[in-house]
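1. take a look and give me a structure for this.
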Amino acid sequence: MARYTGPKTKIARKFGQAIFGDDKAFDKRNYPPGQHGPNKRRGKKSEYAIQLMEKQKAKYTYGILERQFRNMFKRATAAPGITGEVLLQMCESRLDNVVYRMGIAPSRSGARQLVSHRHITVNGEKVNIPSYQLKAGDVVGVREKSKSLETITSSLANASSVYEWITWNNDTMEGTYVSVPARIQIPEQINEQFIVELYSK
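-> Next up, the predicted model:
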């Protein structure tokens, strides 16, 4: 399973956002990395640099590598609707992302691991593909044997986020992907138009 395994705080500092979730190291130094830290005078970024940075931010946020992200963009281009919005909706519809949104895992990388280790079911069937695209009405749950896993129980105990397009039942440890989220319901600070412009060159 291809995934990013490099330094995370350094990447988060580059974008100025804790894109990988809670990060104490980022909170201490929330300025770009480099020898001169916050005092370095940084030149104005070119249009291409801004577009590239936005694409990189989206890829790192959702844990998607370049080829997979480009293929997703091609599918978004062919689909009806605004390409940038459709692209983000596809990212949000990934099984690992929905597992994270439901609070089953504290991070997307943790959710990816739970899915790949067969702890998660979709409509009662075990699914171990993190990039699996959910459809409206799909029921995501924790496998019976995995319901007592400490990582899952502690994550659910600390989960506080509520999303209109997802329901969750703590008693059965199941949730429903009610609908594809509208752009306004996606909290990520990503300017998808820059990504569309970059790929359209």
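2. burial count for Gln194?
-> One correction, residue 194 is Phe, not Gln. Around Phe194 sit 20 other residues, with neighbours defined as other Cβ atoms under 10 Å. Heads up, the C-betas are built off the backbone N, CA and C, glycines and all.
3. just checking, Arg143 touches Val127?
-> No - with contact defined as Cβ atoms under 8 Å, Arg143 does not count as touching Val127 (10.1 Å).
4. need the overlap of contacts for these two.
-> 120-121 (Cβ atoms under 8 Å, 6 or more residues apart in numbering).
5. check contacts around the most centrally placed residue in the chain.
-> Of all residues in the chain, the one closest to the mean position by Cα atoms, centre = their mean is Tyr62, 3.1 Å from it. For Tyr62, the residues meeting the contact criterion (Cβ under 8 Å, 6+ apart) are 91, 94, 97, 108.
6. got it, and Ile152?
-> 104-105, 114, 119, 142, 146, 173.
7. give me phi/psi at Tyr60?
-> Per-residue torsions, Tyr60: phi -70, psi -40 (degrees, to the nearest 10).
8. tell me the spacing between it and Ile184.
-> Using Cβ to Cβ, to the nearest Å, we find Tyr60 at a distance of 23 Å from Ile184.
9. of these two, which one has the most company?
-> For the pair Tyr60 and Ile184, the greater number of neighbours falls to Tyr60 (20 against 8), based on other Cβ under 10 Å.
10. per-residue pLDDT, that one?
-> pLDDT recorded at Tyr60 is 89.
11. now swap in Glu192 and tell me
-> You'll see Glu192 listed with a pLDDT of 95.
12. kindly reformat the contacts of Tyr62 as TSV containing distance to Glu47, pLDDT and secondary structure.
-> Formatted as TSV, these follow (distance: Cβ to Cβ, whole Å; pLDDT from 0 to 100; DSSP: H, G, I helix; E, B strand; the rest coil):
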residue	distance to Glu47	pLDDT	secondary structure
Cys91	23	96	helix
Arg94	29	97	strand
Asn97	29	96	helix
Arg108	29	92	helix
